[in-house]
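1. Fold the following and give me the result.
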Amino acid sequence: MGSRLGAVTWAVAGAAALSVLGAAVAGAAAATPRTAAAAKADPVAVYVTHVNADSTPRYPLMHTVTPIQGKTAGPAINVGDEPSAVAITPNGKTAYITNSGPENLGHTVTPIDTATNKAGPGIKVGQDPGALAITPNGKTVYVANALSGTVTPIRTSTDRPCPAIKVGQDPSQLAITPDGKTVYVVNSNSNTVTPISTATNTAGPAIKVAAGPDAIVITPDGRTAYVASWNSGEAGSPPGFVTPISTATNKTGPRIKVGGGPSAIAITPNGRTAYVASQDAGTVTPISTATNKAGPAIATGGYPTALAITPDGKTVYVVNPGQLYYNYSTVTPISTATNQAGTPITAGYASRAIAITPDGRFAYVVNYLDNTVTMIDTASNRVAATIKVGNYPWAIAIAP
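-> The predicted structure is shown next:
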């Protein structure tokens, strides 16, 4: 695998990946269309990728994506090698999957028609594509290629790639402004962020941020990008930092200190508060976007690695996989009104990703070592279902 999967660790091996043992996924069955009755009864479409972060001849590469409708997993969809990231167009018609593997079917992006769950031909991009984002108008997918140090734009009307755009070293995350004019690319090994104009597909000057940038989010009004960094340049167990960037000037503001090992960041729909999950500290830090001041850290324990906020902005759900991957993970709900953590919800082994349905009724949590997805009812904060999927589920996206 490329640098995106191999360079990070949880417990003994990653921060966003985990070195594990287990069996290979069974051969994928042919995908079948969603029926009209199923779509009417439960219109939410969920897509889960599968990655074996310890790929060896004994533990082979993954090649499938699992579609989920409500509480039911559909037949696996064959895509490329090591499907990692997933994003869905704003109209919900197409899911795009990055295939990060080194084999013949790797270094591509696979489009999936969500009406039929049929995969289209792989689209060739750079080496180790590990992140992607789609413009608000749905016309272009931008793909970060970690080993190539490039970003590849793909036109969704033709599924053809445009010339690659050179950025920094190990582009690992990206975000697009709400007006669709600028893509901000996190270059993890350059400690920079590169802005790209979507009108011309040209990169602007790199923006220096704190060492070890690992996550990015943009406020709903598009005025500020927040970049969370591990601050890996310091010895010992340093605190993390969040760097605010003005999108009008591409200038940075004073860095905001948070807990050590920040790995995820999300902003409430009203744009008032950013929440930062810090793995090493076992905390989530709220940041006021009006003042760029951090509030008191909220203890969640369990090495928080991912978070998501309900559409009404009332609750943050934090995934805590724990440092010992053979323990059950938990999901901690946090009230945004009080910044108080609620009772943790038990999920599966090595949970690593979360997504919330557009109506806010359910949260879906990916359990990497359980080969399951936990469905949480947000009204009761209880598990509604445990859904069996293929081996090594990795990332998740839900259709708008």
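2. give me the beta-bridge partners of residue 161?
-> residue 154 (DSSP bridges).
3. list the contacts for it?
-> 123, 124, 125, 152, 153, 154 (Cβ atoms under 8 Å, 6 or more residues apart in numbering). For the C-beta atoms, the positions are set from N, CA and C on the backbone; glycine is no exception.
4. at 10 Å instead, please
-> Residue 161 is in contact with 108, 109, 123, 124, 125, 126, 141, 143, 152, 153, 154, 155, counting by Cβ atoms under 10 Å, 6 or more residues apart in numbering.
5. Which of those fall in strands?
-> Taking DSSP state E, the ones among those that sit in strands are 108, 109, 123, 124, 141, 143, 152, 153, 154, 155.
6. what are the bridge partners for the third one, then?
-> The reference is to residue 123. According to DSSP bridges, beta-bridge pairing links residue 123 with residue 109.
7. Assess the claim that residue 389 and residue 62 are in contact.
-> No. Using Cβ atoms under 10 Å, residue 389 is not in contact with residue 62, being 11.2 Å away.
8. which one of those two has more residues nearby?
-> residue 62 (29 against 26; other Cβ atoms under 10 Å).
9. Can you tell me the closest non-neighbouring residue to the more buried one?
-> Using Cβ to Cβ, 6 or more residues apart in numbering and skipping the chain neighbours, the partner closest in space to residue 62 is residue 50 (4.0 Å).
10. With residue 274 instead?
-> That would be residue 287: by Cβ to Cβ, 6+ apart, it lies 4.4 Å from residue 274.
11. Which helix or which strand is home to the one you found?
-> strand 283-288 (DSSP states H and E).
12. cool, residue 257 as well?
-> strand 256-258.
13. Residue 194 sits in which helix or strand?
-> strand 192-197.
14. Sort out which residues of that strand are buried, please.
-> Residues of strand 192-197 classed as buried by neighbour count (16 or more other Cβ atoms under 10 Å): 192, 193, 194, 195, 196.
15. Tell me where the stretch 151-300 of the chain is predicted with low confidence.
-> Per-residue confidence for the stretch 151-300 of the chain (pLDDT under 70) gives these ranges: 232-237.
16. wouldn't residue 331 be in contact with residue 353 here?
-> No. Counting by Cβ under 10 Å, residue 331 stays clear of residue 353, with 11.3 Å between them.
17. who touches both of the two?
-> 306, 308, 319, 365.
18. which one of these is nearest residue 327?
-> The nearest member of the shared contacts of residue 331 and residue 353 to residue 327, counting by Cβ to Cβ, is residue 319 at 13.5 Å.
19. which SS class is that closest one?
-> strand (DSSP: H, G, I helix; E, B strand; the rest coil).
20. For residue 112, pull up the helix or strand it's in.
-> strand 108-113.
21. Go through that strand and flag the buried ones.
-> Under 16+ other Cβ under 10 Å, the buried positions of strand 108-113 are 108, 109, 110, 111, 112.
22. what does stretch 347-361 give?
-> Buried residues in stretch 347-361 (16+ other Cβ under 10 Å): 347-357, 360-361.
23. same deal with stretch 373-388?
-> Residues of stretch 373-388 classed as buried by neighbour count (16+ other Cβ under 10 Å): 373, 374, 375, 376, 378, 381, 383, 384, 385, 387.
24. export those residues to JSON lines and tack on secondary structure, distance to residue 117 and pLDDT?
-> Formatted as JSON lines, the buried residues of stretch 373-388 follow (DSSP: H, G, I helix; E, B strand; the rest coil; distance: Cβ to Cβ, whole Å; pLDDT from 0 to 100):
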{"residue": "373", "secondary structure": "strand", "distance to residue 117": "16", "pLDDT": "98"}
{"residue": "374", "secondary structure": "strand", "distance to residue 117": "22", "pLDDT": "98"}
{"residue": "375", "secondary structure": "strand", "distance to residue 117": "19", "pLDDT": "98"}
{"residue": "376", "secondary structure": "strand", "distance to residue 117": "24", "pLDDT": "98"}
{"residue": "378", "secondary structure": "coil", "distance to residue 117": "26", "pLDDT": "98"}
{"residue": "381", "secondary structure": "coil", "distance to residue 117": "31", "pLDDT": "98"}
{"residue": "383", "secondary structure": "strand", "distance to residue 117": "26", "pLDDT": "98"}
{"residue": "384", "secondary structure": "strand", "distance to residue 117": "23", "pLDDT": "97"}
{"residue": "385", "secondary structure": "strand", "distance to residue 117": "20", "pLDDT": "97"}
{"residue": "387", "secondary structure": "strand", "distance to residue 117": "16", "pLDDT": "97"}
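25. which one of those is nearest residue 340?
-> residue 381 (13.4 Å).
26. Off-centre distance for the strand holding residue 287?
-> 19 Å (Cα atoms, centre = their mean, to the nearest Å).
27. Could you please name the strands the next helix-or-strand element following that strand pairs with and the direction of each pair?
-> Using DSSP H and E, the helix or strand that directly follows strand 283-288 along the chain is strand 293-294. Each strand that pairs with strand 293-294, with its direction, by DSSP bridges: strand 283-288 (antiparallel).
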